[in-house]
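> Sequence plus predicted model, see below.
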Amino acid sequence: MADSRPIVTLSRRESFCASHRLWEPTLSREENFALYGKCARDNGHGHNYVLQVTLRGGVDPATGMVVNLADLKNFLREEIIARVDHYHLNHDVEMFRGVNPTSENVALVFWKVCHARFGELLSEVRVEETPDNIVCYRGESG
Ligand SMILES: Nc1nc2c(c(=O)[nH]1)N=C([C@H](O)[C@H](O)COP(=O)(O)OP(=O)(O)OP(=O)(O)O)CN2
Ligand SMILES: [Zn+2]
(Lines give C-alpha, C1' and ligand atoms only; values in the text may rest on other atoms or scores of the structure.)
(Ligands and ions follow the chains in the order given, each with its own letter.)
Protein backbone atom coordinates (compact mmCIF):
# COMPACT_ATOMS: atom_id res chain seq x y z
CA MET A 1 0.00 0.00 0.00
CA ALA A 2 1.29 3.49 -0.84
CA ASP A 3 2.58 5.61 2.04
CA SER A 4 0.27 8.65 2.23
CA ARG A 5 2.31 10.51 4.82
CA PRO A 6 3.16 14.04 3.67
CA ILE A 7 6.80 14.40 2.66
CA VAL A 8 8.71 17.18 4.40
CA THR A 9 12.35 18.29 4.41
CA LEU A 10 14.07 19.44 7.58
CA SER A 11 17.53 20.87 8.05
CA ARG A 12 19.97 21.43 10.86
CA ARG A 13 22.89 23.85 10.72
CA GLU A 14 26.04 23.49 12.81
CA SER A 15 29.23 25.56 12.75
CA PHE A 16 32.83 24.61 13.29
CA CYS A 17 36.30 26.09 12.89
CA ALA A 18 38.96 24.00 11.21
CA SER A 19 42.19 24.42 9.32
CA HIS A 20 43.13 22.72 6.09
CA ARG A 21 45.54 22.74 3.22
CA LEU A 22 44.56 21.86 -0.33
CA TRP A 23 47.10 19.31 -1.50
CA GLU A 24 46.98 16.45 -3.97
CA PRO A 25 49.82 14.07 -3.06
CA THR A 26 50.12 12.57 -6.53
CA LEU A 27 51.11 16.00 -7.88
CA SER A 28 54.44 17.79 -7.52
CA ARG A 29 54.82 20.82 -5.25
CA GLU A 30 54.84 23.07 -8.31
CA GLU A 31 51.69 21.45 -9.67
CA ASN A 32 49.94 21.78 -6.31
CA PHE A 33 50.78 25.47 -6.11
CA ALA A 34 49.71 25.97 -9.71
CA LEU A 35 46.39 24.26 -8.95
CA TYR A 36 45.56 25.51 -5.47
CA GLY A 37 47.60 28.74 -5.16
CA LYS A 38 47.64 30.18 -1.62
CA CYS A 39 45.53 27.24 -0.40
CA ALA A 40 48.54 24.94 -0.92
CA ARG A 41 50.82 26.85 1.48
CA ASP A 42 52.60 24.65 3.99
CA ASN A 43 50.97 25.73 7.23
CA GLY A 44 47.41 25.65 5.96
CA HIS A 45 44.73 28.17 6.82
CA GLY A 46 41.43 28.20 8.66
CA HIS A 47 37.75 28.58 7.92
CA ASN A 48 34.62 29.09 9.95
CA TYR A 49 32.62 26.35 8.28
CA VAL A 50 28.86 25.92 8.35
CA LEU A 51 27.47 22.43 7.83
CA GLN A 52 23.81 22.07 6.89
CA VAL A 53 22.29 18.60 6.74
CA THR A 54 18.84 18.09 5.24
CA LEU A 55 16.62 15.06 5.74
CA ARG A 56 13.52 14.30 3.67
CA GLY A 57 10.80 11.88 4.65
CA GLY A 58 7.22 11.25 5.67
CA VAL A 59 5.75 12.96 8.72
CA ASP A 60 4.87 10.35 11.31
CA PRO A 61 1.22 11.00 12.23
CA ALA A 62 1.86 9.83 15.77
CA THR A 63 4.76 12.22 16.47
CA GLY A 64 4.28 15.00 13.93
CA MET A 65 7.96 14.58 13.00
CA VAL A 66 10.12 13.08 10.28
CA VAL A 67 13.00 12.85 12.75
CA ASN A 68 13.38 14.68 16.04
CA LEU A 69 15.61 17.67 15.21
CA ALA A 70 17.24 17.23 18.61
CA ASP A 71 18.39 13.77 17.52
CA LEU A 72 19.80 15.23 14.31
CA LYS A 73 21.55 17.97 16.31
CA ASN A 74 23.04 15.51 18.79
CA PHE A 75 24.20 13.20 16.02
CA LEU A 76 25.92 16.01 14.11
CA ARG A 77 27.57 17.39 17.23
CA GLU A 78 28.80 14.02 18.46
CA GLU A 79 29.77 12.34 15.20
CA ILE A 80 30.99 15.29 13.15
CA ILE A 81 31.46 18.59 14.97
CA ALA A 82 33.32 17.14 17.98
CA ARG A 83 35.68 15.38 15.57
CA VAL A 84 36.50 18.37 13.36
CA ASP A 85 36.08 21.55 15.44
CA HIS A 86 39.44 23.25 16.07
CA TYR A 87 41.36 20.48 14.29
CA HIS A 88 43.49 20.40 11.16
CA LEU A 89 41.53 18.35 8.65
CA ASN A 90 44.63 17.07 6.85
CA HIS A 91 46.42 15.86 9.95
CA ASP A 92 44.11 15.28 12.88
CA VAL A 93 40.83 13.83 11.69
CA GLU A 94 40.40 10.14 10.98
CA MET A 95 37.46 10.57 8.60
CA PHE A 96 39.72 12.75 6.37
CA ARG A 97 42.67 10.37 6.33
CA GLY A 98 43.96 10.33 2.75
CA VAL A 99 41.38 12.91 1.64
CA ASN A 100 42.30 16.27 0.13
CA PRO A 101 39.89 18.49 2.12
CA THR A 102 38.34 20.58 -0.60
CA SER A 103 34.80 21.61 0.25
CA GLU A 104 33.55 19.04 -2.25
CA ASN A 105 35.40 16.29 -0.40
CA VAL A 106 34.32 17.63 2.99
CA ALA A 107 30.70 17.35 1.84
CA LEU A 108 31.27 13.81 0.51
CA VAL A 109 32.90 12.65 3.76
CA PHE A 110 30.10 14.16 5.85
CA TRP A 111 27.52 12.57 3.54
CA LYS A 112 29.01 9.15 4.22
CA VAL A 113 28.87 9.70 7.99
CA CYS A 114 25.28 10.96 7.86
CA HIS A 115 24.11 8.30 5.41
CA ALA A 116 25.29 5.57 7.77
CA ARG A 117 22.88 6.96 10.36
CA PHE A 118 19.93 8.31 8.36
CA GLY A 119 20.04 6.18 5.19
CA GLU A 120 17.51 7.15 2.54
CA LEU A 121 16.20 10.01 4.68
CA LEU A 122 19.40 11.92 3.91
CA SER A 123 18.65 14.46 1.20
CA GLU A 124 21.48 17.02 1.14
CA VAL A 125 24.77 17.90 2.78
CA ARG A 126 25.74 21.53 2.33
CA VAL A 127 29.12 22.88 3.37
CA GLU A 128 29.77 26.60 3.54
CA GLU A 129 33.52 27.05 3.67
CA THR A 130 32.96 30.80 3.68
CA PRO A 131 29.71 32.73 3.23
CA ASP A 132 30.67 32.94 -0.47
CA ASN A 133 32.01 29.42 -1.12
CA ILE A 134 29.25 26.83 -0.83
CA VAL A 135 29.08 23.18 -1.88
CA CYS A 136 26.06 20.84 -1.88
CA TYR A 137 25.90 17.09 -2.32
CA ARG A 138 22.57 15.31 -2.82
CA GLY A 139 23.76 11.75 -3.33
CA GLU A 140 24.39 9.88 -6.54
CA SER A 141 21.00 10.63 -8.01
CA GLY A 142 21.78 14.33 -7.67
N1 LIG B 1 36.30 23.91 -5.95
C2 LIG B 1 36.93 24.39 -4.86
N3 LIG B 1 37.70 25.47 -4.99
C4 LIG B 1 38.33 25.96 -3.91
C5 LIG B 1 38.17 25.36 -2.66
C6 LIG B 1 37.36 24.23 -2.57
O7 LIG B 1 37.20 23.64 -1.48
N8 LIG B 1 36.75 23.77 -3.67
N9 LIG B 1 38.78 25.89 -1.60
C10 LIG B 1 39.56 26.95 -1.66
C11 LIG B 1 40.28 27.39 -0.42
O12 LIG B 1 39.87 26.65 0.69
C13 LIG B 1 40.36 28.86 -0.08
O14 LIG B 1 40.59 29.01 1.29
C15 LIG B 1 39.22 29.71 -0.45
O16 LIG B 1 39.75 30.54 -1.42
P17 LIG B 1 39.07 31.88 -1.91
O18 LIG B 1 37.83 31.61 -2.65
O19 LIG B 1 40.12 32.64 -2.57
O20 LIG B 1 38.57 32.48 -0.56
P21 LIG B 1 38.96 33.80 0.16
O22 LIG B 1 38.04 33.90 1.31
O23 LIG B 1 40.40 33.82 0.47
O24 LIG B 1 38.68 34.84 -0.95
P25 LIG B 1 38.05 36.27 -0.91
O26 LIG B 1 38.70 36.93 -2.04
O27 LIG B 1 38.38 36.85 0.43
O28 LIG B 1 36.57 36.08 -1.10
C29 LIG B 1 39.82 27.62 -2.93
N30 LIG B 1 39.12 27.05 -4.03
ZN1 LIG C 1 40.55 26.95 2.52
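Looks like it arrived, so ask away. Ligands and ions are numbered 1, 2, ... in the order given.
> Please make it C-alpha for all contacts and neighbour counts, starting now.
Noted.
> can I assume Arg117 sits in a helix?
Yes - assessed with DSSP: H, G, I helix; E, B strand; the rest coil, Arg117 lies in a helix.
> what's the pLDDT at it?
If you check Arg117, the pLDDT there is 98.
> And Asn133, by the same measure?
98.
> ok, it to Leu69 distance?
According to C-alpha to C-alpha, to the nearest Å, Asn133 stands 26 Å off from Leu69.
> ok, how many other residues are close to Glu30?
The number of residues packed near Glu30 is 10, by other C-alpha atoms under 10 Å.
> Can you classify it as helix, strand or coil?
helix.
> ok so, going back, pick out whichever of Asn133 and Leu69 has more residues nearby.
More neighbours surround Leu69 than the other of Asn133 and Leu69, with 14 against 10 (other C-alpha under 10 Å).
> I'd say the more buried one and Arg13 touch.
No - if you go by C-alpha atoms under 8 Å, Leu69 and Arg13 don't touch, sitting 10.6 Å apart.
> Could you identify the helix or strand that succeeds the helix or strand containing Leu108?
In this assignment (DSSP states H and E), Leu108 forms part of helix 103-118. Going down the chain from helix 103-118, the next helix or strand is strand 122-130, by DSSP H and E.
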